[in-house]
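Asks: mind looking at a prediction? Sequence and model below.
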Amino acid sequence: MDTKRKQAQLRYLYSRAAFGATPAELHRATEKPLRKTIRQLFHDSASVDDLLIVKPAENQPRQALRQLVRDGQLDKEMLKERIRLNTQQIRDLNLLWLDRMVAGPGALREKMALFWHGHFACRPSGQNALFMQQYVNTIRRNALGKFGDLLMSVSKEPAMLQFLNNQQNKKNAPNENFAREVMELFTLGRGNYTEHDIKEAARAFTGWQYTPDGKFVFRERVHDAENKTIFGKTGPFVGEDVIAMLLENRQTARFVVGKVYRYFVADGSVDDRETSRRIEELAGQFYKSGYDITDLMETIFNADWFYEPRNVGAHIKSPVELLAGMRHTLGITFDQPQPQIFVQRTLGQTLFYPPNVAGWPGGRNWIDSSSLLFRMQLPAYVLKAADVPVRPKEDGDVNTESLARKGNASFHTTVDWAAYEQAFANTDDLTLTNAIAEVLLPLPLRPDQRTLIDNQAASATTRSERIRSLTASIMSLPEYQLS
Amino acid sequence: MNRRDFLFQSALTTAGSLLIPNFLKAYELSAMGQPVAPSGKILVIVQLSGGNDGLNTVVPYRNDIYYRERPTIAIPTDKVVPLTDEIGLHPAMHPLRALYDDGLLTVINNVGYPNPDRSHFRSMDIWQTGSDANQYKTSGWVGRYLDAACTGTARQPFRTIEVDDTLSLAMKGESLNGIALLDPKKLYKQTRSKLVTGLSHEHPDDNQSVAYLYKTLAETVSTADYVFDKTAQKPSSAGTTYPNHELGNRLHTVSQLIQSGMGTSVYYVSISGFDTHINQPGQQARLLGQYAEAVSAFMTDLKAAGRQNDVLLMTFSEFGRRVKQNASNGTDHGTASNVFLLGGGLPGRGVLNEAPNLSNLTDGDLNYTVDFRQIYATLLRDYLGADDMAVLGRSFEPLKLV
């Protein structure tokens, strides 16, 4: 295979399995077989370091703070300030996670974790930063392991139990929210269970609670120990039994694989026969492997069909993918962190704040006139500190407003241009535009596009200026929104 | 150099041989300025984000329970602007009294939906998508109106405009999105870079995602152009003074867009700050005052322009607040609340339905008696002349509004 085609494959692989590649990474990888690069990606993601912002002993969520107010230990002004600090910790957790995505070595794990964050969508309740920290670390730790372990541990996360109201799910007063979402969104998908199954499963999950310091606890006195009939089986089931039944059901493998496929391979609808057959096959393998996520992803990244032209450039990058990818490729650091929250908010994907339990819908839903114009302007904001004339809407929640108001004037960043430019040291002037485009875009530049891009760089007097200008322009193209 | 020449020249200089494409010509057809709604009516939606306290907005000023449950934040009886023997407006909303007397205001009490959700983002989702509490839709009700009502050459994003920098879910349809703009000049400027205009003439179709991005870009640039052109041609009357705050400015923009003969059927505007857990009275008075001032200026402006009967303004919030105040001089998230309708040539219904029943609560919260989608359905069908079933997915019992 010629080097160009190989590099295109690698660029695609890195953009899907990670958060893009630097030109140097691409050059190095062209010298190895593709399989080896894939193996390396998994190898580099083998270990995981927890994100640490909140010290458990110091965590005081809203409820605890309110109690302090009632006890006269905290006045109302301080309450506001403390709630603000909690929100800020969740923000810091967001930024720390983003940094891990950008950093590179564990990018595959972080990419997978980002996918699971949308799948097991969860938002902070009561601005409990510790719960969110535990939740994200559970997802990151299990991101490439067995889906069963991931499902069980994330279902027992206090953040999730709280978000889905299972603390209120008690014997004689069942709350079905948790049981419903576990089936509809985490495992089977709509239409693969009955309302009766949900009612009965909710009873099995009674007693699944958490302590204020963030530990899962099974409280027997609120658990309904009577018989339940779920999926036609009768017994005094507990929550773990329901999870086991869901994993026993092949539909869970089918549902999860379908979602993985739409996210990592095809973007959007996959209703043609060939794809349906492929998903069915992958689901069979996933099921047989005991829901081994690494095995599933290796199969996908090694498959010829993964690299088919119809898949290349079909995925619309999510805002976090866009931001992390841009930072990784150019080695960008933000002098102030806040603009990165601003970008997430403006484009509609703030980590830890998915729109609802169904997660981010993704695909075309990312794009409307405003978000597209903003995305096309983003390189100018990030690379040239251009003024940002846009302000995202406030979400109405008084607790997050304080974060919304800051940091949208202009961005100040440091870019590792030296390393980036070095990668093009041996490229001649004539092919420079195309060489940069091949590193950044899933599709070749069209002639009229190239003219536009070159015109933008016409006033550049040095090679360095030219590389920077070309890069900023190419990153402004609609095609850069795709991977 | 005027705008048309400029555009022509930049099209030539950026991409060489490109000509003004067909869609610009299409915009120049006079038909484009015609409203989509067969009735010629326009709907303006004002969203109060954060959960406005309905009980201190439309005050049950003769109700003992109200005063008992809100010892420090209730509006004193003598301060209320009375509408009926039972209820009246928050004093900061006194400008609405004149509109009420003119038969322009309709108050709908107890608006909500089954199994109410008390989280801001979720409840707002439900209001914006028109979904059930356990349904997750990825398109909004105004967006689906755009899908359903606008066909052929009328299918243009500017048929529904949000006056803001970002587009709300409410405005996103299944196949077409509305457009967000804070003001026509700003959007126009944003689309004038050589790169943006140059690319907007390209129609690549390597795959569906590429085609979709370029279609969106072309629509954005041509819409920005059209809206800028329209408003530049016909600057609105300078007669009415708007209050100088966010809502005032945005409603002023809506009025300018309406008067320029844009052919837009729905406008969307929102203001935030209603999440009054702590020290509610000052905060809410300030916001409701701004609201009343801005809306009053807007209606005066439309009256002067002779458009008062073509434009209906609807105001809602994602939920009301609990009946009982909290310990911080505020209120926590609740359920049902009120919706205001103003103008639009509706027969003045005053207060449409019964006041909230404070002795029949569920977990300390008001029970809804009107589903918000009944209001949507009625406005869609009877006011905008659209297919409410297509937009909302099923039928809702209409209200006697029109």
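Replies: Perfect, thanks for sending it.

Asks: and residue A:299, how far from chain B?
Replies: 24 Å (C-beta to the nearest C-beta, to the nearest Å). Every C-beta, even on glycine, is put in place using the N, C-alpha and C of the backbone.

Asks: low pLDDT regions in the chain?
Replies: Because you didn't say which chain, this covers chain A. A:1, A:268-270, A:399-409 (pLDDT under 70).

Asks: that's the wrong chain, I wanted chain B
Replies: B:1-38, B:235-238.

Asks: in it, which spans are strands?
Replies: For chain B, the strands defined by DSSP state E occupy B:42-49, B:58-59, B:81-82, B:88-89, B:105-112, B:160-162, B:179-180, B:266-272, B:311-317, B:337-343, B:350-351, B:361-362, B:365-366, B:370-371.

Asks: and those strands as a markdown table, adding mean neighbour count?
Replies: Formatted as a markdown table, the strands of chain B follow (neighbours: other C-beta atoms under 10 Å in any protein chain shown):
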| stretch | mean neighbour count |
| --- | --- |
| strand B:42-49 | 24 |
| strand B:58-59 | 27 |
| strand B:81-82 | 17 |
| strand B:88-89 | 24 |
| strand B:105-112 | 24 |
| strand B:160-162 | 29 |
| strand B:179-180 | 24 |
| strand B:266-272 | 24 |
| strand B:311-317 | 22 |
| strand B:337-343 | 24 |
| strand B:350-351 | 16 |
| strand B:361-362 | 14 |
| strand B:365-366 | 24 |
| strand B:370-371 | 20 |
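
Asks: and the closest residue to residue A:64 other than its chain neighbours, what element?
Replies: Distance criterion C-beta to C-beta, 6 or more residues apart in numbering or on different chains; nearest residue to residue A:64, sequence neighbours excluded, is residue A:212 at 6.7 Å. Taking DSSP states H and E as the definition, residue A:212 sits outside all helices and strands.

Asks: wait, does stretch A:318-334 contact chain B?
Replies: No - judged by C-beta under 8 Å from any C-beta of the partner chain, stretch A:318-334 makes no contact with chain B; its nearest approach is 12.0 Å.

Asks: and that stretch, how far out from the chain middle?
Replies: 13 Å (C-alpha atoms, centre = their mean, to the nearest Å).

Asks: then stretch B:312-325 to CSV, C-alphas only?
Replies: Extracted as CSV, the C-alpha positions of stretch B:312-325 are listed here (Å, rounded to 0.1, in the frame of the first residue of the first chain):
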residue,chain,number,x,y,z
LEU,B,312,-49.5,36.7,19.5
LEU,B,313,-47.0,36.6,22.3
MET,B,314,-46.9,33.5,24.5
THR,B,315,-44.9,33.4,27.8
PHE,B,316,-44.1,30.2,29.7
SER,B,317,-41.6,28.8,32.2
GLU,B,318,-40.4,25.2,32.6
PHE,B,319,-42.2,24.8,35.9
GLY,B,320,-43.7,26.8,38.7
ARG,B,321,-42.4,26.6,42.3
ARG,B,322,-43.6,24.9,45.4
VAL,B,323,-46.5,26.4,47.3
LYS,B,324,-44.6,26.6,50.5
GLN,B,325,-41.6,28.9,50.6
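
Asks: how about the residue in the stretch 301-402 of chain B that chain A sits nearest to, nearest residue that isn't a chain neighbour?
Replies: Closest residue of the stretch 301-402 of chain B to chain A, C-beta to the nearest C-beta: residue B:328 (5.5 Å). Using C-beta to C-beta, 6+ apart and skipping the chain neighbours, the partner closest in space to residue B:328 is residue B:278 (4.4 Å).

Asks: same question, residue A:323
Replies: residue A:343 is the one closest to residue A:323 (C-beta to C-beta, 6+ apart), at 5.5 Å.

Asks: for the closest residue to residue B:308 other than its chain neighbours, what are its contacts?
Replies: Nearest non-adjacent residue to residue B:308, counting by C-beta to C-beta, 6+ apart: residue B:302, 4.7 Å away. By C-beta atoms under 8 Å, 6 or more residues apart in numbering or on different chains, residue B:302 lies in contact with B:255, B:258, B:308, B:310-311, B:343.

Asks: could you do residue B:158 as well?
Replies: B:178-179, B:223, B:226-227, B:262-264.

Asks: tally up the residues packed near the closest residue to it other than its chain neighbours, please.
Replies: Closest residue to residue B:158 apart from its sequence neighbours, by C-beta to C-beta, 6+ apart: residue B:223 at 4.9 Å. When neighbours are defined as other C-beta atoms under 10 Å in any protein chain shown, residue B:223 has 25 of them.

Asks: can I get stretch A:314-334 as CSV, trimmed to CA atoms?
Replies: Output in CSV follows, covering the C-alpha atoms of stretch A:314-334 (Å, rounded to 0.1, in the frame of the first residue of the first chain):
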residue,chain,number,x,y,z
ALA,A,314,-19.2,10.1,7.8
HIS,A,315,-18.9,10.8,11.5
ILE,A,316,-19.7,14.4,12.7
LYS,A,317,-17.3,15.1,15.6
SER,A,318,-18.9,15.9,18.9
PRO,A,319,-17.9,19.2,20.4
VAL,A,320,-15.6,17.4,22.9
GLU,A,321,-14.0,15.3,20.1
LEU,A,322,-13.5,18.5,18.1
LEU,A,323,-11.9,20.4,21.0
ALA,A,324,-9.8,17.5,22.3
GLY,A,325,-8.7,16.7,18.8
MET,A,326,-7.6,20.2,17.9
ARG,A,327,-5.7,20.4,21.1
HIS,A,328,-4.0,17.1,20.6
THR,A,329,-2.9,17.7,17.0
LEU,A,330,-1.4,21.1,17.7
GLY,A,331,-0.3,20.6,21.3
ILE,A,332,-2.6,23.4,22.5
THR,A,333,-2.9,24.4,26.1
PHE,A,334,-5.3,27.0,27.4
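
Asks: distance of residue A:228 from residue A:171?
Replies: Distance of residue A:228 to residue A:171, given as C-beta to C-beta, to the nearest Å: 12 Å.

Asks: now for those two: what residues contact both?
Replies: residue A:203.

Asks: and the residue nearest to residue B:328, how close does it get to residue A:77?
Replies: Counting by C-beta to C-beta, the gap from residue B:278 to residue A:77 is 9 Å.

Asks: tally of neighbours for the residue in the stretch 51-200 of chain A positioned nearest to chain B?
Replies: Nearest residue of the stretch 51-200 of chain A to chain B (C-beta to the nearest C-beta) works out as residue A:76 at 5.5 Å. Neighbourhood size, residue A:76 [other C-beta under 10 Å]: 14.

Asks: residues touching the residue nearest to it when sequence neighbours are not counted, list them.
Replies: Excluding its sequence neighbours, the residue lying closest to residue A:76 (C-beta to C-beta, 6+ apart) is residue B:328, at 5.5 Å. Neighbouring residues of residue B:328 by C-beta under 8 Å, 6+ apart: A:69, A:76, A:79, B:277-279.
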